[in-house]
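Asks: any chance you can model this:
(one chain, ligands or ions: 1)
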Amino acid sequence: MRLIIQPDYERLSKWTAHYIANSINKFEPTKTKPYVLGLPTGSSPVGTYKEIVTLVREGKVSFENVITFNMDEYVNIQEGHPESYHSFMRQNLFNHIGIPEENINILNGNADDLVGECNAFEDKIKAVGGIRLFLGGIGPDGHIAFNEPGSSLHSRTRVKTLTYDTRIANSRFFGHDINAVPKLALTVGVGTVTDSMEVVLIVNGHSKARALYKMIEEGVNHMWTSSALQLHPKSMVVCDEDATYELKHGTYNYFKDIEQKNLEPAVL
Ligand code: GLP
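Replies: Numbering: from 1, shown residues only. A predicted model of the protein is given here:
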């Protein structure tokens, strides 16, 4: 696992956006060879999405031949609700990057058959050859997508009950009214994420410091589902200084040192 420590959220966002754009450009996607990208919602990726929009406007990357799969969506919330993940993605990214409508895949939390919806999502990922890069964030309890503590590390896309912790954390988007936060969500599984060829997680802010420590320094554990990335052959966390607060001094220095020697050009 790589750990990229950036001084602040702005630089973290820029670094991540440029890393993704570089990866798309290197792949040289075409209609018959599309680049398949997994995407998250939440506040963590907002800066990255903003920078991706800038790169598209500057003509440095194109989403014409990119297919996206979103991690999750609430159950029983209208697509047009301002806090649905459909709305979030359109507002923050899809409306501004010229991606063909048919290339966007977001779970339908209003489907009559939720289990069928989840299975079809997995099938569609397989049908396009799997996900090349899955971008994600983590919750303060270390969850990835909506894979709450105790989720199987082999889990697939399914219906999930949200924990009290997550509903409190997300109530900030619902006028701080926990009762307005949906109780269920559809989410890709930990296994769906780790099946991707590459996983990149954005971890920013002091509130994620404990989760980052648990994910990196402690063992693989279903109570901190993002720790499953320790077993992934190509995973990377991009964090800011605030998020490193709980890391051991030695761990911090080790990753800082090793990344200084990494010559990969991140910025376009
Ligand atoms: C939700 C989402 C996750 C996200 C997490 C953290 O639970 N399902 O995908 O990573 O929130 O959100 P934020 O980035 O707002 O801290």
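Asks: let me know the pLDDT of Phe267.
Replies: No Phe there; residue 267 is Val. The per-residue pLDDT reported for Val267 equals 62.
Asks: check Leu263 too.
Replies: 57.
Asks: Asp165 too?
Replies: 87.
Asks: ok, which residues in the protein are in contact with the ligand?
Replies: Residues of the chain lying close to the ligand by Cβ under 6 Å from any ligand atom are 40-44, 71-72, 137-139, 145-146, 166. C-beta: built from backbone N, CA, C; applies to glycine.
Asks: bridged to Ile5, which residues?
Replies: Cys239 (DSSP bridges).
Asks: how close does it get to Pro40?
Replies: Using Cβ to Cβ, to the nearest Å, one gets 20 Å for the distance from Ile5 to Pro40.
Asks: and for Leu201, the neighbour number?
Replies: 26 (other Cβ atoms under 10 Å).
Asks: my read: it touches Val237, true?
Replies: Yes - with contact defined as Cβ atoms under 8 Å, Leu201 counts as touching Val237 (4.9 Å).
Asks: quickly list what's touching both of these two.
Replies: Leu229 (Cβ atoms under 8 Å, 6 or more residues apart in numbering).
Asks: chain center to stretch 146-156, what's the gap?
Replies: 15 Å (Cα atoms, centre = their mean, to the nearest Å).
Asks: tell me the average confidence for stretch 206-225?
Replies: 97.
Asks: and it, what's buried?
Replies: 208-216, 221-222, 224-225 (16 or more other Cβ atoms under 10 Å).
Asks: what's the answer for stretch 15-33, then?
Replies: Trp15, Thr16, Ala17, His18, Tyr19, Ile20, Ala21, Asn22, Ser23, Ile24, Phe27, Pro29.
Asks: dump the residues you listed to CSV, plus secondary structure and pLDDT.
Replies: Below are the buried residues of stretch 15-33 laid out as CSV (DSSP: H, G, I helix; E, B strand; the rest coil; pLDDT from 0 to 100):
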residue, secondary structure, pLDDT
Trp15, helix, 96
Thr16, helix, 97
Ala17, helix, 97
His18, helix, 97
Tyr19, helix, 96
Ile20, helix, 98
Ala21, helix, 98
Asn22, helix, 97
Ser23, helix, 97
Ile24, helix, 98
Phe27, helix, 98
Pro29, coil, 98
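Asks: for this structure, which element, helix or strand, carries the lowest mean pLDDT?
Replies: helix 164-170 (a mean of 90; mean pLDDT, DSSP states H and E).
Asks: which residues are contacting that one?
Replies: Gly139, Pro140, Asp141, His143, Phe146, Glu148, Leu162, Ile178, Val181, Lys183.
Asks: all set now, cheers.
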